[in-house]
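>>> Task: produce atomic coordinates for the following.
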Amino acid sequence: MLIAGFPAGAWGTNCYLVAPAAGEECVIIDPGHQAAQGVEDAVKKHRLKPVAVILTHGHIDHVASVVPVCGAHDVPAWIHPADRFMMSDPEKALGRSIGMPLMGELTVGEPDDVQELTDGAELALAGLEFAVAHAPGHTKGSVTFRMPETTGGDIPPVLFSGDLLFAGSVGRTDLPGGDQAEMLESLGRVCLPLDDSTVVLSGHGPQTTIGHERATNPYLRAVLPGGTRPGSTGPGAGGQGSGPSAAPRRGM
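Alright, predicted model coming up:
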């Protein structure tokens, strides 16, 4: 399996291209701000043919290049219906007043073909399988994409976690649609059941594993049976984390 990833744009959002191998069809995950050229460079380098764009959530730092990328390759974009409005109305998603400028070089909107993701769906794209899990908390329509380990266990399972889980942290919950209780529920339901060997490729920052985060991430440890939340009042009751040991949140 080939996974080519790169951080893009002002927010350093990770964009991934996933394919069975070089020279084959691929899926593009989260082409965000200024990601279009990076996508084209990776497509050319690995001789890939994009067949779909799939989105972990609708924040502009993850979807800003959806229109040009989908248009260039005539492919659909997949997004959860609760976040679909963000592609054409990113200011509302960020709590801005209508009409306030949002990095004026951005052209927002929907691509010609939009497909909606559902919890528990199994996407068969580019000869690969992606298991969709609805994971609200950062946004109402956040999802993760899980790929099982390859036959024989040569490649461990992979979780594209978006802004649900990061190395040492989790996504912020203080923007419109964010919810601390939903974040903790999603962490417990989506992440804790996964095998420790699962590689986590998140929306921002370096890769990690479920095992490492289970042992060290204060937010994931908070939802373990008998777990204690970091700090005196838990991980981020007010949005960005509270208490002296609370790790800072990431994402837009």
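>>> Do you have the strands of this structure handy? List them.
Per DSSP state E, the chain carries strands over the ranges 2-8, 13-19, 25-29, 49-54, 77-79, 114-116, 122-125, 128-134, 143-147, 158-162, 165-166, 169-170, 199-202, 208-209.
>>> got the angle for the third one vs strand 49-54?
Counting by axes from the mean of the first three to the mean of the last three Cα atoms, to 10 degrees, strand 25-29 points 30 degrees away from the direction of strand 49-54.
>>> Report the strands that pair with strand 25-29, each with its relative direction.
Using DSSP bridges, strand 25-29 pairs in its sheet with strand 13-19 (antiparallel), strand 49-54 (parallel).
>>> what's the angle between the first one and strand 143-147?
Going back to what we said before, that points to strand 13-19. Using the same axes, to 10 degrees, strand 13-19 lies at 40 degrees relative to strand 143-147.
>>> got the contact list for strand 13-19?
Contact with strand 13-19 is made by 1-8, 25-33, 35, 38-39, 42-43, 46, 48, 50, 61-62, 65, 126, 128, 147, 160, 201-205, as judged by Cβ atoms under 8 Å, 6 or more residues apart in numbering. (Each C-beta comes from the backbone N, C-alpha and C, glycine too.)
>>> thinking again about what came up before, which of the strands of the chain sits most buried?
With neighbours taken as mean count of other Cβ atoms under 10 Å, the strands of the chain reach their highest mean count in strand 169-170, at a mean of 28.
>>> now for it, which elements pack on it?
helix 218-222 (3 or more Cβ pairs under 8 Å, 6 or more residues apart in numbering; DSSP states H and E).
>>> could you give the angle of the longest helix anywhere in the chain to strand 13-19?
Ranked by residue count under DSSP state H, the longest helix found in the chain is helix 36-46. Per the same axes, to 10 degrees, the angle that helix 36-46 makes with strand 13-19 is 30 degrees.
>>> any idea how far helix 36-46 is from the chain center?
Here helix 36-46 is found 20 Å from its chain centre; the criterion is Cα atoms, centre = their mean, to the nearest Å.
>>> the inter-axis angle of it versus strand 2-8?
Going by the same axes, to 10 degrees, helix 36-46 makes 150 degrees with strand 2-8.
>>> residues of helix 36-46 that come out buried?
Across helix 36-46, burial judged by 16 or more other Cβ atoms under 10 Å covers Ala36, Gly38, Val39, Ala42, Val43, His46.
>>> from those, which two are the most distant?
Farthest pair in the buried residues of helix 36-46 (Cβ to Cβ) is Ala36 and His46. Separation: 16.4 Å.
>>> Next, count neighbours for the residue nearest to Leu220 when sequence neighbours are not counted.
Taking Cβ to Cβ, 6 or more residues apart in numbering, and ignoring the residues beside it in sequence, Leu220 has Glu213 as its nearest neighbour in space, at 4.9 Å. Neighbourhood size, Glu213 [other Cβ atoms under 10 Å]: 28.
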